[in-house]
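Novice: no letters, just coordinates:
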């Protein structure tokens with residue numbers, strides 16, 4: 001049994017003027033062989049993009065790419081023909097598969113956009129590229145765990161090509177939620193805002209937590225908090 005904290009201050013950090021990015025795992029110019037991912041979870045980047053700036057068209061392949069918007073508006077366009085703007089409460093999932101190019105820009109001229117960019121390795125290579133997005137009402141996440149991404153698109157979640165589930169929660173101070181991890185599965189908690197304890201271990205804003213060999217998670221909010229929970233094969 002192990003619960004390992006990944007403190008926010010120890011994340012990789014790149015600042016490119018228009019982009020302020022923190023990396024839970026090795027990414028780009030940040031390389032740490034001790035933090036290359038966890039199970040199928042390969043990337044969690046917290047990206048803050050200045051107004052009117054963003055990522056020009058660039059390629060991906062054989063990766064499940066998820067964006068979770070915390071504040072602002074993110075304009076997306078890709079070579080599957082999909083385009084649109086996602087805002088707080090919206091989640092998008094793109095299966096890069098055999099290859100796709102996409103761009104992501106802050107759709108606001110004078111305000112920043114903040115989102116989590118998540119990469120999950122697919123079960124197989126060479127799949128058909130696909131894009132989808134969904135709006136999750138705040139009420140659906142309040143003091144509970146709302147499945148936002150998972151295999152087969154069950155429970156209104158976005159479908160990805162991996163046995164991985166992502167839950168989102170807005171947990172008010174003093175409230176708690178529990179989650180069971182099936183035998184052989186691992187968990188990761190990414191705290192976006194607030195302060196939590198997970199099985200008694202404290203987390204601060206931006207912290208991650210890797211969980212192995214634990215059957216039951218008890219997550220309690222010390223203050224109003226927003227977090228993602230990953231349940232991974």
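Specialist: It's in. Here the structure is a predicted model, which means the values were calculated and not measured.

Novice: with adjacent residues omitted, what lies nearest to the one residue sitting closest to the centre of the chain?
Specialist: The residue lying closest to the centre of the chain (C-alpha atoms, centre = their mean) is residue 118, at 4.4 Å. Of all residues beyond its chain neighbours, the one nearest residue 118 is residue 66 (4.2 Å), with distances taken as C-beta to C-beta, 6 or more residues apart in numbering. Glycine gets a C-beta too; all of them are placed from N, C-alpha and C.

Novice: what's around the one you found, how many residues?
Specialist: Residue 66 is surrounded by 23 other residues when neighbours are defined as other C-beta atoms under 10 Å.

Novice: on that earlier part again, am I right that the residue nearest to the centre of the chain is in a strand?
Specialist: Yes. Per DSSP: H, G, I helix; E, B strand; the rest coil, residue 118 lies within a strand segment.

Novice: list the residues that contact the closest residue in space to residue 95 that isn't next to it in sequence.
Specialist: Nearest residue to residue 95 in three dimensions, chain neighbours excluded: residue 130, at 4.4 Å (C-beta to C-beta, 6+ apart). For residue 130, the contacting residues are 80, 94-95, 97, 159, taking C-beta atoms under 8 Å, 6 or more residues apart in numbering as the criterion.

Novice: give the bridge partners for residue 58, please.
Specialist: The residues paired with residue 58 through beta bridges, assigned by DSSP bridges, are residue 102.

Novice: whoops, I mixed them up, residue 187
Specialist: residue 211, residue 231.

Novice: just the terminal-to-terminal distance for stretch 2-22.
Specialist: From the first residue to the last, stretch 2-22 extends over 24 Å; the measure is C-alpha to C-alpha, to the nearest Å.

Novice: how far out from the middle of the chain is that stretch?
Specialist: Relative to its parent chain, stretch 2-22 has a centroid offset of 13 Å by C-alpha atoms, centre = their mean, to the nearest Å.

Novice: need the residues that contact that stretch.
Specialist: Outside stretch 2-22, the residues touching it (C-beta under 8 Å, 6+ apart) are 23-24, 26-30, 32, 35, 45-50, 53-54, 198-199, 201, 203-214.

Novice: cool, stretch 173-190 as well?
Specialist: Here stretch 173-190 has contacts from 24, 38-39, 41, 44, 116, 143-145, 167, 169, 171, 196, 198, 203, 208-212, 214-225, 227-233, using C-beta under 8 Å, 6+ apart.

Novice: tell me the buried residues in that stretch?
Specialist: Judged by neighbour count using 16 or more other C-beta atoms under 10 Å, the buried positions of stretch 173-190 are 175, 177, 179, 181, 185-190.

Novice: those residues in helices, which ones?
Specialist: Among the buried residues of stretch 173-190, DSSP state H puts none in helices.

Novice: could you dump those to a markdown table with distance to residue 112?
Specialist: Putting the buried residues of stretch 173-190 into a markdown table (distance: C-beta to C-beta, whole Å) gives the following:
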| residue | distance to residue 112 |
| --- | --- |
| 175 | 29 |
| 177 | 30 |
| 179 | 32 |
| 181 | 35 |
| 185 | 35 |
| 186 | 33 |
| 187 | 30 |
| 188 | 26 |
| 189 | 25 |
| 190 | 20 |
